[in-house]
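A.B. asks: have a look at this prediction, sequence included:
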Amino acid sequence: MTYDPENIFAKLLRGEIPAIRVYEDDDTLAFMDIMPRSDGHLLVIPKTPCRNILDASPAQLAAVMATAQKLAVAAKAGLAADGITIQQFNEADGGQEVFHLHVHVLPRRAGVALRAPGQMGDMDDIQAIADKIRAAI
């Protein structure tokens, strides 16, 4: 399979669609998931093209994981979360829906289950949560 430069995350990186950006460096971007499975659910992507972990370079993987760790620490602190779930899916049969490497960072609270996938979040709530995470970076 080849990388599709028209995928939604490629468009987001080019500024063609909006995102609530939380953190950015030379190699990665972290932004809020608009269908959050938990309060503070965010995504970390490389700025360079790759479909998933199966075709990513070691440098892409290292950059994404370093940013995922930075955002996990910030989300846990900024939201007073009890824990963090990290998810990463590869290819359609592995659960991947957007074919640009991405890591999900999901702050968790004891006794609170993840919400069902595919439910739009309230953008004002998502923005307020993003502000708390940004402040903790």
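C.D. replies: Here it is on my side, so go on.

A.B. asks: quick check: residue 76 touching residue 83?
C.D. replies: Yes: the criterion here is CB atoms under 8 Å, and residue 76 meets it with residue 83 at 7.5 Å. (C-beta placed from N, C-alpha, C; glycine too.)

A.B. asks: mutual contacts of those two, please.
C.D. replies: With contacts defined as CB atoms under 8 Å, 6 or more residues apart in numbering, the residues adjacent to both residue 76 and residue 83 are residue 107.

A.B. asks: ok, those two, which is more surrounded?
C.D. replies: Relative neighbour count places residue 76 above the other of residue 76 and residue 83, with 19 against 11, counting by other CB atoms under 10 Å.

A.B. asks: shouldn't that one be within a helix?
C.D. replies: Yes: secondary structure of residue 76, determined by DSSP: H, G, I helix; E, B strand; the rest coil: located in a helix.

A.B. asks: which residues touch it?
C.D. replies: Residues near residue 76 by CB under 8 Å, 6+ apart: 83, 84, 107.

A.B. asks: among the residues you listed, which one lies nearest to residue 47?
C.D. replies: Nearest to residue 47 among these, counting by CB to CB, is residue 84 at 23.0 Å.

A.B. asks: mind listing what that closest one touches?
C.D. replies: With CB under 8 Å, 6+ apart as the criterion, the residues that contact residue 84 are 72, 75, 76, 105, 106, 107, 108.

A.B. asks: hang on, the second one packs against residue 136?
C.D. replies: Yes: the pair residue 75 / residue 136 is scored as a contact, 7.3 Å apart, by CB under 8 Å.

A.B. asks: show me which of the two is the more surrounded one.
C.D. replies: The neighbour count for residue 75 versus residue 136, taken as other CB under 10 Å, is higher for residue 75 (29 against 15).

A.B. asks: residue contacts, the more buried one?
C.D. replies: Listed by CB under 8 Å, 6+ apart, the contact set of residue 75 reads 40, 42, 81, 84, 105, 107, 133, 136.

A.B. asks: in ChimeraX, select just the buried ones from those residues.
C.D. replies: With 16 or more other CB atoms under 10 Å as the criterion, this ChimeraX line picks the buried residues out of the contacts of residue 75:
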select :40,42,81,84,105,107,133
